[in-house]
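J.: below is the sequence, then the predicted model.
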Amino acid sequence: MTGTHSNNIPDRLRSPLIRMIASWEFLLLCVGVAIFFLNVQASPYFLDPWNLSDATFNFTEKAMIAFAMALVIISGEIDLSVASIIALVSTCMGFAVQLGADTPMLIGIAVLVGAACGAFNGFLVAVMGLPSIVVTIGTLSLFRGIAYIVLGDKAYSGYPESFAFFGQGYVWWVITFEMVLFVVVAILFYILLHRTSFGRSTIAIGNNPTAALFSGIRVSRVKFVLFVLTGIMAAIAAVCLTSRLGSTRPSIAVGWELEIVTMVVLGGVNILGGSGTIPGVVIAAIVMGMVTFGLGLLNVPGIVMSIFIGLLLICVIALPIIIRRTRHRVAG
Amino acid sequence: MIPHRLSRDLLLALALMALIAVVYLRFPTFATPASLLGVFNDTSILIILALGQMAVVLTRCIDLSMASNLALVGMCTAMLNASLPELPVPVLVIIALVLGALLGSINGLLVWKLDIPPIVVTLGTLTIFRGIIFLISDGQWVNAHEMSPAFKALPRLEVMGLPVLSWLAITSIACLYVLLTRTPMGRAFYAVGGNPDAAVYTGINVGRTRFNAFVLSGALSGISGYLWVSRYAVAYVDIAAGFELDVVAACVIGGISIAGGMGTVAGAVLGALFLGVIKNALPVVNISPFWQQAISGSAIIIAVIFNARSERRPGRIILKQAEQT
């Protein structure tokens, strides 16, 4: 959303601000640790390594997209079409399998389709200057709509055996391929956001696009690249998910976009853009995964877990605001 | 500005008529008055919701929780009716309205008092409301035979040739039109969305105005909740799931600027009708309903490209002048 930029940017960073940002991840980490111990207390099955390993599937695929989404949101935009990109990518892969494509070709097709979807979003948002929330609501319908046109009420299956490794394979003992991929992607995105000029540009654009433009940042190019990147990450998630499920339906990953945005915001990324960290998103992903898994062990239905996720989202955002207010009141 | 907006609504109306004409060529009975009134009736709930979303969007917010609000209120009224069949239906309608407004006020309070971005608040309440439906219903359905006949009959009841459902949509359109063009509150919606900082200086309480918009959208979601459940004669956890995006789509096609402060009631209604006509026309012209999503997606993208021309903000012009001097 185009928000009011009421958060004035200080000309130098104040230490309380740093402390607050630091405390965000700290707060989240505390919540995570508390949930971990509650889970250990609540169920004897929680600490089983195989169970824990299975539980990571709850968040690894979503988190991979969440990293790219975090960058998009930091730049002041949003991409609601990610789940639909998964559906379209998965459908294209299924279609290719019917024509006899092998695993490397499937991966190639996935990345190409994902990048193309991202480029389409990026073109409309960055080049034509349209509001991303509306554009991606449109492409959300469009991409999944194409999947529905192709598949209707049918499903694709019959993926090659070697394709199953991405979503079901183990690298070593309980360490799944997806876990390794999650860690690698997290590190790459950490470097991209916090250690490169591209990441700096992204944060600058989110804080003040006009100022960023005048300081020589190619605003529309950065935004375009971010959308393409999100498309590619959605494609990678689609490969993992399709491989794990072994089939493609047009309703695959429906509603994920909101869970991914929740994950990003929970991770401390400002929904209005301009700030956020990758470690925050990593912790948020793990916290969400643990909540889902722990409640699942207690036979709490998925829909009830979503109440917790929703409450977590609102509370985690509201808490610092309330704390800041009371502090202001004490100081003033 | 106003003649310009009017011309956009006119264009959309023409596009809608062209759409109907195309269907008419393949299938003449689609354009009969009775059939078109049927389409209007079928789109009524979307129209009511689009009007509520419009009020919120005008104030530069967004309400993604409308469909969950609808489903929660729908489940509550259905369960009330199932357990207390003697409760008169008008009372249930009022309960739906109030309950919806209460749920909307939760969104409004969080936006007003805590300054949380509306998209985050309503993303949260979207999942929370939906979860609460499961908690109160235990995942059970309320089926047609558990509802009283009067409960199911009201939306279909014909008054002066039109079902009550259509009349409620017409009433909502009239009320919103008066509210937005003839009252200070309506003016405040436009002012807050157009320029929140300037609105403060003209003595408008921005937070309170947004709160009002959320209560309004909540109330309209609530009444839609009753209508949805009684019309389809079933209530379960997933009713209207994902419908919030259709509602936003209707607003976008109707030319309501997502950046706030711009939009007309006619636009919202036409946007909703556009989607409604597509949905009803597809089976008629023998296109698989699976095409619907892609078509409405394309319609949104075309509409937003089209809107962009009229949405150029004055601020940019000032910047360009500053650049030149």
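T.: In hand now; what should we look at? Worth saying up front: this structure is predicted, and the values here are computed from it rather than measured.
J.: against B:Phe40, how distant is B:Val269?
T.: Distance check for B:Val269 against B:Phe40: by C-beta to C-beta, to the nearest Å, it reads 10 Å. Placement of C-beta: from N, CA and C, glycine included.
J.: in chain A, which residue is most central in space?
T.: Averaging the C-alpha coordinates of chain A gives a centre point, and the residue nearest to it by C-alpha atoms, centre = their mean is A:Ala66 (1.3 Å).
J.: thought it was touching A:Leu266?
T.: No: A:Ala66 is beyond contact range of A:Leu266, at 9.5 Å (criterion: C-beta atoms under 8 Å).
J.: excluding chain neighbours, give the residue nearest to B:Leu109 in space.
T.: Distances taken as C-beta to C-beta, 6 or more residues apart in numbering or on different chains put B:Phe211 closest to B:Leu109, at 6.7 Å, once the chain neighbours are dropped.
J.: B:Ile20 now?
T.: Closest residue in space to B:Ile20, ignoring its immediate chain neighbours: B:Ala31 at 5.7 Å, by C-beta to C-beta, 6+ apart.
J.: hang on, the earlier thing: sticking with the residue nearest to the centre of chain A, tell me its helix or strand.
T.: A:Ala66 belongs to helix A:60-74 when elements are defined using DSSP states H and E.
J.: quick revisit: quick one: pLDDT of the residue nearest to the centre of chain A?
T.: For A:Ala66, the pLDDT comes out at 96.
J.: so what's it up against?
T.: For A:Ala66, the contacting residues are A:Ile260, A:Met263, A:Val264, A:Gly267, A:Val281, A:Ala284, A:Ala285, taking C-beta atoms under 8 Å, 6 or more residues apart in numbering or on different chains as the criterion.
J.: host element of the closest residue to it other than its chain neighbours?
T.: With sequence-adjacent residues excluded and distances taken as C-beta to C-beta, 6+ apart, A:Ala66 is closest to A:Met263, at 4.5 Å. Using DSSP H and E, A:Met263 sits in helix A:256-266.
J.: the following helix or strand past that helix near chain B anywhere?
T.: Once helix A:256-266 ends, the next helix or strand along the chain (criterion: DSSP H and E) is helix A:278-297. No: using C-beta under 8 Å from any C-beta of the partner chain as the criterion, no contacts between helix A:278-297 and chain B are found, and the smallest distance is 11.4 Å.
J.: what secondary structure does residue 86 sit in?
T.: Looking at chain A here, since you left the chain open. Three-state secondary structure (criterion: DSSP: H, G, I helix; E, B strand; the rest coil) places A:Ile86 in helix.
J.: that's the other chain; I wanted chain B
T.: Here B:Glu86 takes the coil state, with states given by three-state DSSP.
J.: what does the pLDDT read for residue 261?
T.: Went with chain A since none was named. 88.
J.: wrong one, I was asking about chain B
T.: The predicted local confidence for B:Gly261 is 88.
J.: that one: helix or strand, and which one exactly?
T.: With secondary structure defined by DSSP H and E, B:Gly261 is part of neither a helix nor a strand.
J.: model confidence score at B:Leu19, please.
T.: Reading off the per-residue confidence, B:Leu19 sits at a pLDDT of 89.
J.: got it, and the one 10 residues further on?
T.: As summarised for this prediction, B:Thr29 has a pLDDT of 85.
J.: B:Leu319 too?
T.: As summarised for this prediction, B:Leu319 has a pLDDT of 42.
J.: residues from the stretch 151-300 of chain A in reach of chain B?
T.: Applying C-beta under 8 Å from any C-beta, we find that the stretch 151-300 of chain A lies next to chain B at A:151-153, A:210, A:250, A:254-255, A:258, A:261-262, A:265, A:271-272.
J.: give me the buried subset of these.
T.: With burial judged by 16 or more other C-beta atoms under 10 Å in any protein chain shown, the buried subset of these is A:Leu151, A:Pro250, A:Leu258, A:Val261, A:Thr262, A:Val265, A:Ile271, A:Leu272.
J.: least trustworthy helix or strand in chain B by mean pLDDT?
T.: Comparing helices and strands within chain B by mean pLDDT, DSSP states H and E singles out helix B:314-324 as the least confident, with a mean of 42.
J.: contacting residues around residue 69?
T.: Picking chain A for this. A:Met69 sits next to A:Ile78, A:Asp79, A:Val82, A:Thr230, A:Ile260, A:Val261, A:Val264 when contact means C-beta under 8 Å, 6+ apart.
J.: not what I meant, chain B
T.: Residues counted as contacts of B:Asn69 (C-beta under 8 Å, 6+ apart) are B:Gly100, B:Leu103, B:Gly104, B:Thr125, B:Phe129, B:Gly218, B:Ser221, B:Gly222, B:Gly225.
J.: now swap in A:Leu124 and tell me
T.: Applying C-beta under 8 Å, 6+ apart to A:Leu124 gives the contacts A:Leu130, A:Val135, A:Thr139, B:Ile301, B:Val304, B:Ile305.
J.: greatest separation within those: which pair is it?
T.: The two members of these with the most space between them (C-beta to C-beta) are A:Thr139 and B:Ile305, at 12.5 Å.
J.: show me which of the two is the more surrounded one.
T.: Summary of the neighbour comparison: A:Thr139 and B:Ile305, criterion other C-beta atoms under 10 Å in any protein chain shown, with A:Thr139 having more neighbours (28 against 14).
J.: distance-wise, check the more buried one relative to B:Lys279.
T.: Plainly put, A:Thr139 is 20 Å away from B:Lys279 if you go by C-beta to C-beta.
J.: distance from the chain centre to stretch A:160-175, please.
T.: 22 Å (C-alpha atoms, centre = their mean, to the nearest Å).
J.: any idea how far apart the tips of that stretch sit?
T.: Between the opening and closing residues of stretch A:160-175 lies a distance of 23 Å (C-alpha to C-alpha, to the nearest Å).
J.: can you list the residues that contact that stretch?
T.: Where contact means C-beta under 8 Å, 6+ apart, the residues beyond stretch A:160-175 that reach it are A:49-50, A:52-53, A:97, A:102-103, A:106, A:176-180, A:239-246.
J.: B:Ser44 touches B:Thr171, doesn't it?
T.: No: taking C-beta under 8 Å as the definition, B:Ser44 is not a contact partner of B:Thr171, at 10.5 Å.
J.: on the three-state scheme, the residue lying closest to A:Val40 once chain neighbours are set aside is what?
T.: Take A:Val40 and drop its neighbours on the chain: the residue closest to it by C-beta to C-beta, 6+ apart is A:Phe46, 5.5 Å away. When states are read from three-state DSSP, the local structure at A:Phe46 comes out as coil.
J.: quick check: the gap between A:Phe46 and chain B.
T.: If you measure A:Phe46 against chain B using C-beta to the nearest C-beta, to the nearest Å, the figure is 22 Å.
J.: any buried residues in stretch A:215-230, and which?
T.: Of the residues in stretch A:215-230, those buried under the neighbour-count criterion (16+ other C-beta under 10 Å) are A:Ile217, A:Val219, A:Ser220, A:Val222, A:Lys223, A:Phe224, A:Val225, A:Leu226, A:Phe227, A:Val228, A:Leu229, A:Thr230.
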